[in-house]
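Peer 1: this is the structure alone, sequence omitted:
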């Protein structure tokens, strides 16, 4: 368990801008559970953070000086940035966002990585049709809540799997999920899934892997689709994990399984954000965030993730927009 | 091991045709290894044959009497038919074939189920691009040989996995595979695959499952595609098999895996047969068959599959075409 002692605030001098570079002022910084994984040397899909260097993660920032024609002063961007109030940046890999569409903080949540992850995994891989049954694991998370709500929008029966009764209630009563399963208090996850999905499972959005996912696959319908988004059951594995063979199920059901990472769809981020924003404006998509104010609140905001302080997406507001 | 004693020839009287029915005269009957699996009560994806009833399998037949407008007398069809010289048939599920395009026997092999299985799995799921590496297991079989040859046609590097040195030689020297691995004589299948695929694996056509497939998945490239066509490693399993978890690999590689059965693509059988026939006529596709003559040769032809008598597809010719 990390503590405040693991964090240090330092000051450095900013270098002058080279051609193509921009000076970014941080407006909102995201704190996320996955960052804990990068604070370890354990082998993972993402490189560990380096001790003594700033954490890097999702942030919304404003271009306050520019030597890059594509990113003029005043542009607001979202990107993967160091936890700094100001950053000299090479100008690549930043996505300009429209401040008129939604609050800027939303670009770190429902309009950002988590929302887009839900959008592409569900719609591009899952391709849910009205009347079909969609199951999502990690259902109460920033991704899962959006998956379930989009599936409802598409006319599907939606079943969420999560790990506490509070989350189950939230999914059912606030977000309109048809069924929700608390895997921690269920004796037999296989029959719990079968019972919640009397017509079988057509689409599975997998945030977790392991035996929860096995249970869903055992209920899969012919031509089922599985979007593999996360495998937290195995993130701490140091040897290749073993378990139920799923290939015979995919064969028998003529089913499709596809892994993905949101950046696979980066060319379509703009249009996805637009559609998600429309659903928000129409009140069809609910979104919760908890915002702490001040750059110095970053360690507390991050640590709070592990004690359940936040409801919905946790952010830190660093500064107001200038332009 | 089945023997001739398991077979019996009987005569029955044919009923008169009802409206919609046709009388079929068998021309060619296919004998296939998978039929052995249906001669057992062990749980499988296909229902077992019933003792005392005829075996059912792929056959080419001619309509010799018809009360069905869509299937006039003289039509040649391919379908799943009982091992009978004449059959009164309800007329559904039969695919008319063009006798001008290729020898009629080819509709049980390269233009029939095995060829079409190769065609759809490789082209629709695998989507190979020139320069990519395609691996096929069960490579010397009726499906695998077509998979590899189509992949070569598409400009790919093709690696086959099979179970004897004769097969390896056949794949390399007769069919033009770039590499072939004898998994039975390889100490370390993982490194054998890695060595045969220095640029990794882009497409895997899986006829076998199990540890051979694990080895291929460990060499998978980003955005790899896997067509799951067979899982013979598990056909005799009575409990759900376990093994290496593949979901973390699919996630890390943004890879797609899809199971299928050739009937998923039945609406496109005609156009696939046409393209396969064109490749045959142009000499781009090699195809071998062994034909025994006479309905009474069916048991021997079938039993010969298990002693390696046949080269390529084994068939029995039952009669000449009338029309």
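Peer 2: Great, that's in hand. Small disclaimer: the values here were computed from a predicted structure and weren't measured.
Peer 1: just give the nearest non-adjacent residue to the residue of the stretch 51-200 of chain A found nearest chain B, would you?
Peer 2: Per CB to the nearest CB, residue A:125 is where the stretch 51-200 of chain A lies closest to chain B, at 8.6 Å. For glycine as for every other residue, the C-beta is placed from the backbone atoms N, C-alpha and C. Of all residues not flanking residue A:125 in the chain, residue A:227 sits nearest, at 3.9 Å (CB to CB, 6 or more residues apart in numbering or on different chains).
Peer 1: doesn't residue A:119 make contact with that neighbour?
Peer 2: No: Residue A:227 is beyond contact range of residue A:119, at 10.9 Å (criterion: CB atoms under 8 Å).
Peer 1: about what we covered before: next one, pLDDT for the residue nearest to residue A:125 please.
Peer 2: pLDDT recorded at residue A:227 is 98.
Peer 1: can you verify it is assigned to a strand?
Peer 2: Yes: the assignment for residue A:227, made by DSSP: H, G, I helix; E, B strand; the rest coil, places it in a strand.
Peer 1: report the beta-bridge partners for it.
Peer 2: residue A:205, residue A:258 (DSSP bridges).
Peer 1: against residue A:314, how distant is it?
Peer 2: To residue A:314, residue A:227 is 25 Å away according to CB to CB, to the nearest Å.
Peer 1: now residue A:158
Peer 2: Distance, residue A:158 to residue A:314, by CB to CB: 25 Å.
Peer 1: neighbour count: the two, which is higher?
Peer 2: residue A:158 (27 against 22; other CB atoms under 10 Å in any protein chain shown).
Peer 1: could you chop chain A up by domain?
Peer 2: By the assignment in automatic domain parsing, chain A contains the domains A:4-109+A:288-317, A:113-263.
Peer 1: for chain A, which strand is longest?
Peer 2: When every strand of chain A is counted residue by residue (DSSP state E), the longest turns out to be strand A:56-66.
Peer 1: where along the stretch 101-250 of chain A do the helices fall?
Peer 2: Taking DSSP state H, counting those that start in this stretch as the test, the helices found in the stretch 101-250 of chain A are A:113-120, A:144-153, A:165-169, A:189-196, A:210-217, A:247-252.
Peer 1: now do the longest one: everything it contacts.
Peer 2: So the one you mean is helix A:144-153. Residues outside helix A:144-153 that contact it (CB atoms under 8 Å, 6 or more residues apart in numbering or on different chains): A:110, A:114-115, A:118-119, A:121-123, A:126, A:128, A:134, A:136-139, A:158, A:160, A:162, A:171, A:175-177, A:203, A:205, A:207, A:276, A:279, A:284-287, A:312.
Peer 1: show me just the buried residues among those residues.
Peer 2: A:110, A:114-115, A:118-119, A:121-123, A:126, A:128, A:134, A:136-139, A:158, A:160, A:162, A:171, A:175, A:177, A:203, A:205, A:207, A:276, A:279, A:285, A:287, A:312 (16 or more other CB atoms under 10 Å in any protein chain shown).
Peer 1: restricted to strands, list the contacts of helix A:144-153.
Peer 2: Taking DSSP E as the definition of strands, those contribute A:134, A:136, A:137, A:158, A:160, A:162, A:203, A:205.
Peer 1: now for these: which two are most distant?
Peer 2: A:162 and A:203 (17.5 Å; CB to CB).
Peer 1: for chain A, give me the ranges with low pLDDT.
Peer 2: A:42-46, A:235-237, A:308 (pLDDT under 70).
Peer 1: tell me the contacts of the spatially most central residue of it?
Peer 2: Geometric centre of chain A, nearest residue: residue A:114, 2.6 Å, by CA atoms, centre = their mean. By CB under 8 Å, 6+ apart, the contact list for residue A:114 reads A:141, A:142, A:143, A:146, A:313.
Peer 1: isn't the second one up against residue A:312?
Peer 2: Yes: assessed by CB under 8 Å, residue A:142 is found in contact with residue A:312 at 7.5 Å.
Peer 1: between the two, which contacts overlap?
Peer 2: Common neighbours of residue A:142 and residue A:312 (CB under 8 Å, 6+ apart) are residue A:109.
Peer 1: residue contacts, residue A:217?
Peer 2: Contacts of residue A:217 (CB under 8 Å, 6+ apart): A:204, A:226, A:244, A:246, A:249.
Peer 1: make CSV out of those residues and add distance to residue B:55.
Peer 2: What follows is those, written out as CSV (distance: CB to CB, whole Å):
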residue, distance to residue B:55
A:204, 38
A:226, 36
A:244, 33
A:246, 32
A:249, 28
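Peer 1: and those, which are buried?
Peer 2: Neighbour-count burial (16+ other CB under 10 Å) applied to those gives A:204, A:226, A:244, A:246, A:249.
Peer 1: list the contacts for the first one?
Peer 2: Contact partners of residue A:204, counting by CB under 8 Å, 6+ apart, are A:126, A:134-137, A:213, A:216-217, A:220, A:224-227.
Peer 1: just the last one next, same as before
Peer 2: By CB under 8 Å, 6+ apart, residue A:249 lies in contact with A:217, A:218, A:220, A:255, B:259.
Peer 1: state the distance from it to residue A:177.
Peer 2: Distance from residue A:249 to residue A:177, by CB to CB: 25 Å.
Peer 1: for the third one, same thing?
Peer 2: Note on residue A:244: its distance to residue A:177, by CB to CB, is 26 Å.
Peer 1: in the longest helix seen in chain A, what's buried?
Peer 2: With secondary structure taken from DSSP state H, chain A has its longest helix at helix A:269-281. By neighbour count on 16+ other CB under 10 Å, the buried set for helix A:269-281 is A:269, A:272, A:273, A:276, A:277, A:279, A:280.
Peer 1: wouldn't the fourth one be in contact with residue A:120 here?
Peer 2: In other words, residue A:276. No: Residue A:276 lies out of contact with residue A:120 (CB under 8 Å); the separation is 10.9 Å.
Peer 1: how about the residue of the stretch 101-250 of chain A found nearest chain B: what's its closest non-neighbour residue?
Peer 2: Going by CB to the nearest CB, chain B is nearest to residue A:250 of the stretch 101-250 of chain A, at 3.7 Å. Spatial nearest neighbour of residue A:250, excluding adjacent residues (CB to CB, 6+ apart): residue B:259 at 3.7 Å.
Peer 1: right, and the one you found touches residue A:226 too?
Peer 2: No: assessed by CB under 8 Å, residue B:259 is found out of contact with residue A:226, at 11.1 Å.
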